[in-house]
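*Asks:* Okay, predicted coordinates and the sequence, questions at the end:
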Amino acid sequence: MTRSFTYTALPGRVVFGAGAARMSLVAEVVALGRGRILVVAGQAEAALADELCVALDDVVVGRFDQVRQHVPIEIAKAARRHAEAVGADLLLSIGGGSTTGTAKAIAITTSLPILAVPTTYAGSEMTPVWGLTEMGRKTTGTDQRVLPQTVIYDPDLTRSLPGWLSVVSGLNAMAHSVEAFWAAGANPVTDALAAESIAALARGLPRVLADGDDADGRHDALYGAWLAGAAFAVAGAGLHHKICHALGGRFDLPHAQTHAVVLPHVLAFNEAAAPTAADRIAAALSGGGAAAAGGATVGTTAVSAATRLFELARALDSPLALRDIGLTEADLPAAIEVVADRVADGALPANPRPVTRDDVADILTAAWTGDRP
Ligand code: NAD
């Protein structure tokens, strides 16, 4: 298939490897040429931040630890005041997506550069996307100023991530990759990143769940999460992210778990209309090329990509139903309404097929009950 496309590479330096944070952090700070660091790390990440920053004692001028999921605006304002008060010229974020998001909330108004050391598979460190929550409503936007200049990926730092959290965080990363196949900015480069990412996550997550100290598993899962974030950053978001965003904002559902539950159902909805993507996803989930997907012919994979993904989630003991992660039956009609208002009737031009209100009801009902797609 021939394809015309545009591809805008996002700038950023990545240092990847077991032990990279302990070995390379000082050199990477020096390379950025800054001398007044504000460390952003949540309270749960404090011990790690203490350890990593020992050799940076003379250039660390402050620490901000009031990290909250979805970055409430009050926290963002407090973080900005803190950065200004200490005269920071570099933000060093050490932690999960919420921590990276807090550093981004400072960068968006101060233009301070970010050096990110992620400790989950959320992938925010690869994107120019910020998110803030005000009066219960989450707003997101894109701004190059929040894209970290340097990212240090160290699989050793993820060893402390509990198995269940590794799984849902990894499936959150997988959602970036699956959706990258059909988002508005999708192109052959993001397809390649996404396929490689899905294969790495599918290899790594079972090993990580079986043994949190499995070095190869931790390597593959973090590598997959990096590529997922990179694909998502260029391709953009679509139906799946809109659904999760709407549900998270309205019902305060847990972020990564919501992605893990909803993804197979959005994939099932779209796969017949995106057969090439579906075959690549199925192949990647099987850890191989087209042959591993059951055949190289587009759209004829014996077991659908959605079914493979659902079975992977089941094998990983991931939650499979929205009713098991906090959405009550009484909430379901309102959930359908809030999602339909955001996505139905042509609001998602890049989706492989149109999305009607009835489609939204079908997807969310299946995700609520946790039926095998
Ligand atoms: P998180 O950062 O809230 O972390 C989840 C929990 O894991 C926290 O309790 C944290 O303390 C703990 N944790 C983190 N690393 C750990 C480690 N190595 N060992 C043990 N515990 C650890 O959650 P998350 O899923 O990483 O990120 C979710 C947030 O990121 C959401 O707000 C989401 O909107 C945002 N996000 C943004 C983007 C973007 O592009 N802007 C992309 C993905 C996610």
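*Replies:* In hand now; what should we look at?
*Asks:* From here on, just use CA atoms for contacts and neighbour counts.
*Replies:* OK.
*Asks:* Look up how far residue 360 lies from residue 275.
*Replies:* Shown here: residue 275 relative to residue 360, a distance of 21 Å by Cα to Cα, to the nearest Å.
*Asks:* can you check residue 173 too?
*Replies:* 23 Å.
*Asks:* returning to that earlier point: out of residue 275 and residue 360, which sits in the more crowded spot?
*Replies:* Neighbour tally, residue 275 and residue 360, criterion other Cα atoms under 10 Å: the higher count belongs to residue 360, 24 against 19.
*Asks:* roughly how far apart are that one and the ligand?
*Replies:* Noted for residue 360: a distance of 22 Å to the ligand, by Cα to the nearest ligand atom, to the nearest Å.
*Asks:* contacting residues around that residue?
*Replies:* 336, 339, 340, 344 (Cα atoms under 8 Å, 6 or more residues apart in numbering).
*Asks:* show me what contacts residue 168?
*Replies:* By Cα under 8 Å, 6+ apart, the neighbours of residue 168 are 256, 257, 259, 260, 318.
*Asks:* what's the closest of those to the ligand?
*Replies:* Nearest to the ligand out of those is residue 256 (Cα to the nearest ligand atom; 5.4 Å).
*Asks:* For the host helix or strand of that closest one, name the packing helices and strands.
*Replies:* Here residue 256 sits within helix 255-270, counting by DSSP states H and E. The contact analysis (3 or more Cα pairs under 8 Å, 6 or more residues apart in numbering; DSSP states H and E) places helix 255-270 against helix 163-180, helix 239-251, helix 305-315, helix 357-369.
*Asks:* Whether the first one contacts the ligand - can you check?
*Replies:* Yes: where contact is defined by Cα under 6 Å from any ligand atom, part of helix 163-180 touches the ligand, namely residue 169.
*Asks:* now the angle between helix 163-180 and the helix or strand following that helix, please.
*Replies:* Downstream of helix 163-180, the first helix or strand assigned by DSSP H and E is helix 188-210. Per axes from the mean of the first three to the mean of the last three Cα atoms, to 10 degrees, the angle that helix 188-210 makes with helix 163-180 is 170 degrees.
*Asks:* Going by distance to residue 243, which of the contacts of residue 360 wins?
*Replies:* Ranked by distance to residue 243 (Cα to Cα), the contacts of residue 360 are led by residue 339 at 5.8 Å.
*Asks:* show me what contacts that closest one?
*Replies:* Contacts of residue 339 by Cα under 8 Å, 6+ apart are 242, 243, 246, 247, 360.
*Asks:* if you set the cut-off to 6 Å instead, what comes out?
*Replies:* 243, 246 (Cα atoms under 6 Å, 6 or more residues apart in numbering).
*Asks:* And for residue 202?
*Replies:* Contacts for residue 202 were tallied using Cα under 6 Å, 6+ apart; they are residue 285.
*Asks:* Next one: it from residue 251, what distance?
*Replies:* 29 Å.
*Asks:* Equivalent analysis for residue 264, please.
*Replies:* Separation of residue 264 from residue 251 (Cα to Cα): 20 Å.
*Asks:* The two - which one has more neighbours?
*Replies:* Taking neighbours as other Cα under 10 Å, residue 264 and residue 251 compare with residue 264 leading, 30 against 15.
*Asks:* so who does the more buried one touch?
*Replies:* Each residue near residue 264 by Cα under 6 Å, 6+ apart is listed here: 306, 309, 310.
*Asks:* Residues of this protein that sit close to the ligand?
*Replies:* Residues of the chain lying near the ligand by Cα under 6 Å from any ligand atom: 44, 69-70, 95-99, 119-120, 122-124, 127, 129-130, 157-158, 160-161, 169, 256.
*Asks:* Neighbours of the residue in the stretch 151-300 of the chain positioned nearest to the ligand, how many?
*Replies:* Residue of the stretch 151-300 of the chain nearest the ligand, by Cα to the nearest ligand atom: residue 161 (3.5 Å). By other Cα under 10 Å, 17 other residues sit near residue 161.
*Asks:* what separates residue 336 from residue 192, distance-wise?
*Replies:* Distance from residue 336 to residue 192, counting by Cα to Cα: 33 Å.
*Asks:* more crowded one of the two?
*Replies:* Higher neighbour count among residue 336 and residue 192: residue 336, with 22 against 15, using other Cα under 10 Å.
*Asks:* In the chain, which residue is most central in space?
*Replies:* Geometric centre of the chain, nearest residue: residue 122, 3.5 Å, by Cα atoms, centre = their mean.
*Asks:* Where does that one sit: helix, strand or coil?
*Replies:* At residue 122, secondary structure determined by DSSP: H, G, I helix; E, B strand; the rest coil is coil.
*Asks:* what's the helix or strand of the chain with the lowest mean pLDDT in contact with?
*Replies:* Lowest mean confidence among the helices and strands of the chain (mean pLDDT, DSSP states H and E): strand 137-142, at a mean of 86. The contact list for strand 137-142 (Cα under 6 Å, 6+ apart) reads 128, 129, 130, 131, 132, 249.
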